[in-house]
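A.B. asks: Dropping a prediction and its sequence here:
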Amino acid sequence: MQRNGKVKLPKGKKVAVNIGCDFDAQSIWDGSFNLTSPAYMARGEFGAEVAAPRLLKLFNQYGIKTTWCIPGHTVDTFTDICKEIVAQGHEVAHHGYVHENPTTKTYEEEDKVIQMGLESLAKIGVTPRGYRSPYWDFSPNTFEILEKHGFKYDSSLMGNDFHPYYPRPVEVNSDRANVFDQETSLLEIPVSWYLDDFPAAEYINGAQEGMNSVNDIYDRWVSIFDYACDNEEGACYTLTIHPQTSGRAHMVQMLEKLIQHMESRGAWFATLGEIYDNFEETKEDKTLISSTHKG
Ligand SMILES: [Zn+2]
């Protein structure tokens, strides 16, 4: 059974909310879509030069600390704004080097990508405690590589929706039951495609429609948050935004409205690192299982 738990919240708060800024800038177009024309580079440039400062201003206005998942390539290309993110007290997590897909890499290639990302982050004074896979996917080697490099938490998987948990590698069998291995030492702070701005809002010619109404996105994000408030004690809500997507005018206004709603209902805006630090594993479930078996 999955080992999961709750976030210990400050008094009066109802749900831990992390706003994760996946600061892909130009790296996503190159590393994930193989689109390197001036138009796509301009979109990444917009993210770094215009949108990231706009989001920082919004977070500053509301006194919110967030986690920026930054590929090494973004640090190397847009160093000043990355330094500014650190200077303003936001957390920085590892997010690959050039937004690579880890599932297609050998152990050595993937290990090298992690190393390159660490070296770039070190240039802005960051030793990350957390990792977010650029593809929200793992290779069979990812757990081992992250543990080897001393990461404490990951935020890329979806084995829970409101509660951090310890992920287990799974042996996949198609002719018999799958077999879970032992839990890794990493704490998983789960993400969700439904709490990600990119598929819903970002238009990519011929590849992704995006362009959903901001009202629809707002309604879904609020609905998930309200459910957590009303039904899940010690929940965490992990929102993923991309500066080049959510830093646009229509999106940033919606994000502000969302922050106001969350504030009014008792959100504790925290970094992923703070969620990690305040995680408490739930023990009761195991007792419940064993007594059920006895009965
Ligand atoms: Zn990303």
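C.D. replies: On my side now, so go ahead. Note that the coordinates shown come from a computational prediction; the quantities given were computed from them, not determined experimentally. Residues are numbered from 1 along each chain as shown.

A.B. asks: Would you tell me whether stretch 141-157 gets close to the ion?
C.D. replies: No: in terms of CB under 5 Å from the ion, no part of stretch 141-157 sits within range of the ion; the closest distance is 9.9 Å. Quick note: C-beta positions are derived from backbone N, CA and C, even for glycine.

A.B. asks: Just want the residue of the stretch 151-295 of the chain that's nearest the ion.
C.D. replies: residue 242 (6.8 Å; CB to the ion).

A.B. asks: I meant to write the stretch 1-150 of the chain there.
C.D. replies: Closest point on the stretch 1-150 of the chain to the ion, by CB to the ion, is residue 22, at 3.7 Å.

A.B. asks: Name all residues that make contact with that residue.
C.D. replies: Residue 22 makes contacts with 69, 95, 132, 198, 240-242, as judged by CB atoms under 8 Å, 6 or more residues apart in numbering.

A.B. asks: Residue ranges in the protein under the pLDDT threshold?
C.D. replies: For the chain, applying pLDDT under 70 flags the ranges 284-295.

A.B. asks: For residue 85, which non-adjacent residue is spatially closest?
C.D. replies: Nearest residue to residue 85, sequence neighbours excluded (CB to CB, 6 or more residues apart in numbering): residue 68, at 5.1 Å.

A.B. asks: is it true that the one you found lies in a strand?
C.D. replies: Yes: counting by DSSP: H, G, I helix; E, B strand; the rest coil, residue 68 is found in a strand.

A.B. asks: I figured it hits residue 23, correct?
C.D. replies: Yes: shown here, residue 68 and residue 23 form a contact pair, counting by CB atoms under 8 Å, at 5.2 Å.

A.B. asks: any idea what sits nearest residue 74, other than its immediate chain neighbours?
C.D. replies: residue 25 (4.3 Å).

A.B. asks: my bad, residue 237
C.D. replies: Nearest one to residue 237, counting by CB to CB, 6+ apart, is residue 17 at 4.8 Å.

A.B. asks: Check the secondary structure at the one you found for me.
C.D. replies: Residue 17 ends up strand, using three-state DSSP.

A.B. asks: and what of residue 176?
C.D. replies: Per three-state DSSP, residue 176 ends up coil.

A.B. asks: picking up where we left off before, element containing the residue nearest to residue 74, please.
C.D. replies: Here residue 25 sits in a region with no helix or strand, counting by DSSP states H and E.

A.B. asks: ok so, going back, looks like the residue of the stretch 151-295 of the chain closest to the ion contacts residue 19 (just checking).
C.D. replies: No: look at residue 242 against residue 19 with CB under 8 Å: they stay out of range, at 11.5 Å.

A.B. asks: can you map out the strands along the stretch 101-250 of the chain?
C.D. replies: Using DSSP state E, counting those that start in this stretch, the strands of the stretch 101-250 of the chain run over residues 130-131, 153-154, 170-171, 179-180, 187-188, 235-241.

A.B. asks: Looking at those strands, which one is packed in the most?
C.D. replies: strand 130-131 (a mean of 26; mean count of other CB atoms under 10 Å).

A.B. asks: which one among the contacts of residue 22 gets closest to residue 176?
C.D. replies: Nearest to residue 176, judged by CB to CB, of the contacts of residue 22 is residue 132 at 33.0 Å.

A.B. asks: check contacts around the closest one.
C.D. replies: 20, 22, 69, 93-95, 154-156, 191.

A.B. asks: Which of those residues fall in helices?
C.D. replies: Among those, no member falls in helices (DSSP state H).

A.B. asks: For the residue nearest to residue 74, grab phi and psi.
C.D. replies: phi 50, psi -120 (degrees, to the nearest 10).

A.B. asks: Tell me how many other residues crowd it.
C.D. replies: The local packing of residue 25 (other CB atoms under 10 Å) involves 31 other residues.

A.B. asks: cool, and the one 3 residues further on?
C.D. replies: With neighbours defined by other CB under 10 Å, the count for residue 28 comes to 28.

A.B. asks: could you list every residue that touches it?
C.D. replies: Applying CB under 8 Å, 6+ apart, the residues near residue 28 are 44, 71, 99, 134, 242.

A.B. asks: Look up how far residue 120 lies from it.
C.D. replies: 16 Å (CB to CB, to the nearest Å).

A.B. asks: The stretch 51-200 of the chain against the ion: which residues are in contact?
C.D. replies: Close to the ion, as judged by CB under 5 Å from the ion, the stretch 51-200 of the chain has residues residue 134.

A.B. asks: returning to what we had before: just give me the neighbour total for the residue nearest to residue 237.
C.D. replies: 25.
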